[in-house]
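Engineer: Pasting the sequence and the predicted coordinates here, then a few questions.
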Amino acid sequence: MEWFLRSIGVTEEVMKHLEHVQLAFQRPAALWLGLLILIPVGWLIYQRQRDNLRTVPRPFRITLTATRIFILFMLIVVLAGPFLKIDHKITQKSIVAVLFDTSKSMSLPAGPFASDEALALTAVAAGYELTDGTVSPDIRKALTRLHRDALAQSIVRTSKASFIEPLTEDYELRYYTFSNEPAALAFDPDGDAFVVDDDDSASRIGDAINHVIDEAAGQEIAGILLLSDGQNTGGESMSQAARAAADAGAPIFAVPIGPVERLTDVSVIDVYTAGIATVGDTVQVHVTLETDGVDGQIITVELKDGDTLLDSKLATVQPDKQQQVELTFEAKVAGGRLLTVNVPHLPDEAEQLRSNNTDTTFVRISDDRLQVLLIDGRPRWDFRFLKNAIRRDNGLSGRAGSEPDVVVETEWRRLPDKERSAVLPVSAEEIAGYHTIIVGDASPAMLTPDFCKLLIDATRDAGVGLIIAAGTESMPHRYDKTFHDILPVRLRLDAAGLEAPVYDPFRLETTPNVHETMRLYDDAGRNQSIWAAMPPYFWCAAVERTKKNATVVAWNASVENSYGNMPLIAWHQIGEGKVMFVGTDSTWLWRQNVGDRFFYKFWGQSIRFVARGNDDEEEQDKPDTAVPEAVRDISGIEEELRHPNVNRSELELLASLTGGRVVEPAALGSIPPQLIHKSELKQLRHEATIWDNWLILLLLVLTYSIDVGIRRVMGLP
């Protein structure tokens with residue numbers, strides 16, 4: 001019946017509620033009148049067939065009569081307009097979603113446990129029977145080795161009576177698994193454990209929460225139970241997902257699955273390089289190690305390019321501390337280099353954790369020097385650090401000297417009028433000599449309309465890369481429409497900029513697919529974690545939205561308008577050149593606690609990204625300099641095992657932001673009383689016509705064919 005109804009075009013809304021479907025007619029009077037007329041007309045047809053077809057055998061005569069009457073009946077039914085309708089009230093239950101983390105880190109052991117008490121509580125939650133309240137050696141061994149994903153399943157199955165059954169009557173329970181992608185799960189508390197495929201997986205907790213909200217499609221969500229170790233290594237940030245859940249009124253109850261005590265492990269948690277070097281440079285590779293469960297042991301840290309050992313150093317490890325090791329090598333040949341940092345694993349290190357002893361980083365070595373011009377209005381903080389960064393970059397130079405050209409308006413104003421004209425380029429040819437020009441918070445008094453026209457023409461026609469760095473004094477709000485037209489964003493005309501209150505500063509958020517200018521690491525998950533932890537800022541340009549074909553690099557996640565979140569950094573192509581807009585004057589804050597590394601890397605990559613002659617297609621045609629595919633598409637596996645312990649603080653923050661809380665594995669039964677019953681009475685009204693389809697046409701054609709066929713066989717007119 002379902003197949004039949006679907007085949008004639010009955011909608012999905014009607015199919016879901018067949019038990020409440022009624023047959024109705026658009027013109028019922030036509031139906032009853034037609035049926036009344038059909039009785040005498042049918043009798044007349046029978047009489048006429050009997051009188052005119054006396055020589056035809058009786059079965060054929062009756063069949064011919066029936067075909068004529070059936071065709072008339074079908075025409076009457078079609079004229080009446082039959083349709084299926086639902087006009088019914090149902091109680092729509094609110095949703096309780098259960099999310100099982102099945103990522104790579106959930107294949108790690110659930111233990112060790114912080115205390116015998118914690119072990120006993122977990123054993124009871126997992127369904128083990130204790131003897132006199134104590135955990136036997138066999139149970140201790142089994143729990144310590146049990147995978148985290150298996151423990152999560154056991155906890156939910158064991159809580160059937162206290163968690164699942166109290167919710168079944170009043171709520172709609174939905175189960176999901178998630179790693180790279182969330183997926184619906186047909187979970188049976190009394191059935192077998194579901195199989196987890198933890199190969200090539202990352203933890204995308206934010207995406208999983210958003211998936212639950214999207215699938216609810218407006219249906220109330222009473223709560224979300226999250227069973228995870230709290231390691232988020234890709235996708236949307238947990239803070240953004242928490243805001244979405246809070247807006248949907250969906251409290252998150254997080255169950256930490258994993259050890260509180262730290263595992264015996266040597267982990268390469270950070271490998272940092274500038275990412276770009278010039279032939280002849282001494283490339284520095286900064287390695288951060290984290291060790292647990294070992295003390296005073298000497299390990300070797302190796303740096304390799306393929307099978308070639310570039311450098312190695314010895315380090316004495318200490319427990320629960322991070323150590324910095326600096327490795328170096330000389331850049332002799334231009335091209336891309338995929339470098340590997342490796343630390344031999346410890347004898348008692350768990351096999352699953354040995355993969356975090358190795359990490360990779362990509363360095364592009366060039367033999368070209370880009371000519372760069374930096375213009376700014378005053379020596380603000382962004383200008384000071386950027387000036388130092390580009391002067392220390394051996395891959396950058398000026399038109400006449402070995403260092404990039406720098407012009408600051410406060411010094412320009414002190415020059416005699418005759419000398420001012422020689423500071424900035426005065427012709428399109430001179431501007432076109434630069435690969436990249438960075439324009440900061442300079443005023444229209446220095447950047448005159450004539451100079452701006454030359455700058456715009458050089459970008460469009462000669463492909464000069466242009467970076468516009470916004471500022472509070474002039475850029476870009478004091479410039480005219482011609483200048484605004486080259487920006488990748490549209491500005492609000494009623495404000496020079498936006499200031500955040502002291503108690504609620506702005507926060508930066510990268511796009512899910514981190515742009516190459518923002519790529520601090522090759523690992524996508526680590527990129528998002530770093531950017532999410534960047535210091536807040538208090539001023540940005542008054543941007544309304546991006547222009548058509550512009551690409552957003554980063555958002556101001558704290559400001560929304562009718563177009564969504566405010567773009568903070570964006571770029572687009574105009575003619576032959578690229579224009580990037582940096583809508584904050586606080587990139588220097590990215591130096592907090594880490595020095596120059598992130599600030600320098602962003603600006604170095606941005607300068608080269610927009611630079612004249614940096615054609616993406618040309619770069620892809622150079623396999624020695626292009627980023628390897630393995631680096632372009634990082635799935636987060638390394639990040640999954642980089643921090644193998646449970647991230648309880650992140651789970652606590654996620655739960656608190658949504659009005660939920662962290663729940664211990666043995667306390668799932670405490671959740672149902674805290675849920676707010678949000679079931680509502682919903683009116684179902686749907687209609688589906690059933691006459692204008694292939695089946696009615698087929699019946700008419702077949703009936704008429706039978707009539708014609710019999711007449712031809714019998715030789716009748």
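Structural biologist: Arrived safely, thanks for sending.
Engineer: what sits against residue 567?
Structural biologist: Counting by CB atoms under 8 Å, 6 or more residues apart in numbering, residue 567 makes contact with 489, 543, 545, 546, 550, 552, 554, 555, 556, 583. To be clear about C-beta, it is placed using only N, CA and C from the backbone, and glycine gets the same treatment.
Engineer: what sits opposite the second one in the beta ladder?
Structural biologist: The residues paired with residue 543 through beta bridges, assigned by DSSP bridges, are residue 491.
Engineer: just checking, it touches residue 566?
Structural biologist: Yes: Residue 543 lies in contact with residue 566 (CB atoms under 8 Å); the separation is 5.5 Å.
Engineer: what does the model give the spatially closest residue to residue 607 that is not a sequence neighbour for pLDDT?
Structural biologist: Nearest non-adjacent residue to residue 607, counting by CB to CB, 6 or more residues apart in numbering: residue 436, 4.8 Å away. Predicted confidence (pLDDT) for residue 436: 96.
Engineer: Check the gap between residue 436 and residue 404 for me.
Structural biologist: Between residue 436 and residue 404 the distance is 9 Å, computed by CB to CB, to the nearest Å.
Engineer: so what sits against both of the two?
Structural biologist: Listed contacts common to residue 436 and residue 404 are 371, 372, 373; contacts here mean CB under 8 Å, 6+ apart.
Engineer: Who are the contact partners of the second one?
Structural biologist: It refers to residue 372. 390, 396, 397, 398, 404, 405, 434, 435, 436, 437, 438, 607.
Engineer: What number of residues are in the vicinity of residue 282?
Structural biologist: Other residues lying near residue 282 total 10 when counted by other CB atoms under 10 Å.
Engineer: beta partners for it?
Structural biologist: Here residue 282, judged by DSSP bridges, has bridge partners residue 330.
Engineer: Next: the one 4 residues further on.
Structural biologist: The partner list for residue 286 in beta bridges (DSSP bridges) reads residue 272, residue 326.
Engineer: and it, what does it touch?
Structural biologist: Here residue 286 is in contact with 270, 271, 272, 273, 324, 325, 326, 597 (CB under 8 Å, 6+ apart).
Engineer: buried subset of the residues you listed?
Structural biologist: Among these, those classed as buried by 16 or more other CB atoms under 10 Å are 270, 271, 272, 273, 325.
Engineer: Can you lay out those as a markdown table showing distance to residue 104?
Structural biologist: Shown next, in a markdown table, are the buried ones among the contacts of residue 286 (distance: CB to CB, whole Å):
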| residue | distance to residue 104 |
| --- | --- |
| 270 | 19 |
| 271 | 19 |
| 272 | 23 |
| 273 | 25 |
| 325 | 26 |
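Engineer: Can you show me the strands along the stretch 1-150 of the chain?
Structural biologist: Per DSSP state E, counting those that start in this stretch, the stretch 1-150 of the chain carries strands over the ranges 22-25, 82-92, 94-101.
Engineer: err, the stretch 551-700 of the chain, not the other one
Structural biologist: 551-561, 564-574, 577-582, 661-662, 680-689.
Engineer: List the neighbouring strands of the fourth one plus their orientation.
Structural biologist: Yep, that's strand 661-662 we're talking about. Assessed with DSSP bridges, strand 661-662 is paired to strand 252-256 (parallel).
Engineer: got the angle between the strand it pairs with and strand 94-101?
Structural biologist: Per axes from the mean of the first three to the mean of the last three CA atoms, to 10 degrees, the angle that strand 252-256 makes with strand 94-101 is 30 degrees.
Engineer: can you list contacts of strand 252-256?
Structural biologist: Here strand 252-256 has contacts from 152, 155, 209, 223-230, 242, 245, 646, 648, 651-652, 654-655, 658, 660-665, 668, 671, using CB under 8 Å, 6+ apart.
Engineer: Which of those residues fall in helices?
Structural biologist: 152, 155, 209, 242, 245, 648, 651, 652, 654, 655 (DSSP state H).
Engineer: Which residue in the residues you listed has the weakest pLDDT?
Structural biologist: The minimum pLDDT among the ones in helices among the contacts of strand 252-256 falls on residue 648, with 88.
Engineer: where does the spatially most central residue of the chain fall, phi/psi-wise?
Structural biologist: Taking CA atoms, centre = their mean, the centroid of the chain lies closest to residue 235, which sits 3.5 Å from it. As for residue 235, its main-chain torsions (degrees, to the nearest 10) stand at phi 70, psi -160.
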